[in-house]
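**Q** can't give you the sequence, but here's the structure:
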C-alpha cells in the first residue's frame with residue numbers, strides 16, 4: 001500500500017514535502033463520528049485527535065481529508081489539513097453561516113436515485129449542481145430497474161434534464177449493470193454515493209468493497225422511503241482499485257453554490273437567455289424572450305425552468321441568511337471586545 005493507492009494527488013504531496021520534514025507523516029481521514037477520528041496511513045489505521053489550534057480556526061477534518069500527523073504513544077495528533085482537490089458540502093441547518101462537509105478529495109460522486117417512487121428530477125438537478133460546485137465529477141445511477149415495468153421513459157427524462165453526465169441504469173438486487181459502476185474505478189480514485197435513504201447506496205458500496213461491510217435495512221413498501229442505515233462516515237478500500245466513502249442518506253440538501261455553477265448546470269436556459277431581445281429580460285412576459293418562446297414551443301421543459309428559478313431563489317435566500325448571520329456574529333464579537341477593553345481600562349483608586 002502506498003500514498004497514491006490511498007488517493008493522494010501529486011500537488012498535495014508536493015505541498016507536504018515543501019512544508020514538513022520527515023518527522024511528520026501523512027494520513028487520510030477514514031472515519032468521522034462527532035469528534036472522533038480515524039486516520040489511514042501506509043502503516044495501518046489509527047485513532048487520532050486534533051490540535052486546539054485547528055479547533056480554534058474551525059479547521060475540522062472531514063472524511064477524505066489528507067492530514068499531517070505527529071506520532072504520539074498510542075494515538076496520532078492531527079496538526080494540519082492539506083489543500084483539498086474537491087469538497088462536497090451543504091449548508092448547515094444548525095449553523096447558518098457554516099457549511100457541513102459531506103466528503104472531500106473526491107474524483108467522482110455517484111448520485112443514486114430509484115426508478116420507483118424515489119424518482120425526482122428536481123432533486124437530481126440539485127445534487128448535480130452541488131457536485132459541480134464541489135469540483136468533483138457527477139455520475140447518475142438509476143437503480144431498481146426491476147421494481148418498475150417501464151423504465152425507458154424515466155431514463156429519457158433524466159437524459160433530457162441532466163446533460164453531459166454519465167448515466168448507469170442498474171438493479172443491484174438482480175446484479176444488472178453493476179460492472180459498469182466497478183469499471184469507473186482506477187488506482188487512487190475516490191468516489192462517494194449520495195442520494196435518499198433506501199435507494200441502494202450501501203448495497204452498491206458493499207458490492208464494490210467485496211463484503212458486507214455496511215449494514216443494510218429494507219425499504220418501506222408503503223412509500224419507497226428508506227430507513228436510515230449509515231449513521232457515520234467511513235472510507236473503504238475496494239477489492240480491486242479505488243476508494244469509496246460511505247455517507248449517511250440525506251433527507252434534504254440545502255444548496256451551497258454560486259450563480260455561475262448554477263448557470264452552467266442549466267446551460268440550455270443560459271444560452272436561450274443570451275439571445276433575448278432585452279439584456280435585462282426577466283423571462284416573464286417581455287417581447288422577444290427566447291426562454292418563454294422555448295417553453296411555449298416545447299423545446300424547454302417548463303418544470304426544468306421552474307426548478308431553475310427555485311434553485312436561484314433558494315441560493316439567494318441562503319446567501320442572505322449567511323450574510324446576516326455572519327454580520328450578527330461579527331457585531332457580537334466586537335461588543336465583547338469593547339466590553340473587555342472597558343473592564344481592562346477601568347482604574348480603581
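**A** Yep, that arrived. All values derive from a computational prediction rather than experimental measurement. Residues are numbered from 1 along each chain as shown.
**Q** What's the local residue count around residue 273?
**A** By the criterion of other CB atoms under 10 Å, residue 273 has 17 neighbours. C-beta: built from backbone N, CA, C; applies to glycine.
**Q** For residue 11, give its distance to residue 85.
**A** Residue 11 is 8 Å from residue 85, where distance means CB to CB, to the nearest Å.
**Q** tally of neighbours for residue 59?
**A** Residues lying near residue 59 (other CB under 10 Å) number 14.
**Q** Name the spans of the stretch 101-250 of the chain whose pLDDT lies under the cut-off.
**A** Low-confidence segments of the stretch 101-250 of the chain (pLDDT under 70): 212-233, 248-250.
**Q** Now do the helices in it.
**A** 121-134, 152-161, 178-182, 201-209 (DSSP state H, counting those that start in this stretch).
**Q** CSV for those, including distance to residue 23?
**A** Listed next are the helices of the stretch 101-250 of the chain as CSV, based on distance: least, CB to CB, whole Å:
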stretch, distance to residue 23
helix 121-134, 33
helix 152-161, 51
helix 178-182, 40
helix 201-209, 34
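**Q** among those helices, which is nearest residue 75?
**A** helix 201-209 (26.0 Å; CB to CB).
**Q** just to revisit the earlier point, and residue 11 and residue 85? Which one has more around it.
**A** Ranked by neighbour count (other CB under 10 Å), residue 11 and residue 85 place residue 85 first, with 20 against 10.
**Q** surely the more buried one meets residue 8?
**A** No. With contact defined as CB atoms under 8 Å, residue 85 does not count as touching residue 8 (9.7 Å).
**Q** all strands of this protein, in order?
**A** Ranges of strands in the chain, per DSSP state E, are 25-33, 36-41, 44-50, 66-71, 76-81, 87-91, 99-104, 108-114, 137-143, 167-169, 190-194, 233-237, 243-246.
**Q** In a markdown table, list the ones you listed along with distance to residue 289.
**A** Formatted as a markdown table, these follow (distance: least, CB to CB, whole Å):
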| stretch | distance to residue 289 |
| --- | --- |
| strand 25-33 | 48 |
| strand 36-41 | 53 |
| strand 44-50 | 53 |
| strand 66-71 | 48 |
| strand 76-81 | 47 |
| strand 87-91 | 32 |
| strand 99-104 | 35 |
| strand 108-114 | 32 |
| strand 137-143 | 30 |
| strand 167-169 | 31 |
| strand 190-194 | 35 |
| strand 233-237 | 45 |
| strand 243-246 | 44 |
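**Q** And for residue 264, the neighbour number?
**A** Neighbours of residue 264 (other CB under 10 Å): 12.
**Q** now residue 184
**A** Neighbours of residue 184 (other CB under 10 Å): 17.
**Q** if I look at it, how far off is residue 234?
**A** Applying CB to CB to residue 184 and residue 234 gives a distance of 20 Å.
**Q** What of residue 121?
**A** Residue 121 sits 30 Å away from residue 234, going by CB to CB.
**Q** again, but for residue 273
**A** 43 Å.
**Q** Same check on residue 194?
**A** As judged by CB to CB, residue 194 and residue 234 stand 15 Å apart.
**Q** Show me which of the two is the more surrounded one.
**A** Per other CB under 10 Å, whichever of residue 194 and residue 234 has more neighbours is residue 194, with 24 against 18.
**Q** The more buried one: what's it in contact with?
**A** Listed by CB atoms under 8 Å, 6 or more residues apart in numbering, the contact partners of residue 194 are 88, 102, 109-112, 127, 131, 201, 247, 250.
**Q** Go through the residues you listed and give me the one with the most neighbours.
**A** residue 201 (30 neighbours).
**Q** contacting residues for the closest residue to that one other than its chain neighbours?
**A** Residue nearest to residue 201 in three dimensions, not counting chain neighbours: residue 193, with 4.1 Å by CB to CB, 6 or more residues apart in numbering. Contacts for residue 193 (CB under 8 Å, 6+ apart) come out as 109-110, 112, 141, 201, 204-205, 244, 246-247.
**Q** try 6 Å
**A** 110, 112, 201 (CB atoms under 6 Å, 6 or more residues apart in numbering).
**Q** what sits against the second one?
**A** Right, residue 112. Neighbours of residue 112 in contact, by CB under 6 Å, 6+ apart: 141, 143, 193, 195, 199-201.
**Q** farthest pair in these?
**A** It's 143 and 193 that sit farthest apart of the contacts of residue 112, by CB to CB, at 10.2 Å.
**Q** before we move on, back to that, wait, which of the contacts of residue 193 is closest to residue 60?
**A** Using CB to CB, those come closest to residue 60 at residue 201, 24.1 Å.
**Q** ok, the closest one to residue 72 distance?
**A** Applying CB to CB, the value for residue 201 to residue 72 is 36 Å.
**Q** same thing with residue 5?
**A** Here the distance between residue 5 and residue 72 works out to 26 Å (CB to CB).
**Q** So for these two, which sits in the more crowded spot?
**A** Under the neighbour definition other CB under 10 Å, residue 5 and residue 72 were set side by side, and residue 5 has more, 14 against 10.
**Q** Residue 203 against residue 173, yeah?
**A** No. Distance between residue 203 and residue 173: 7.4 Å, which falls outside the contact criterion (CB atoms under 6 Å).
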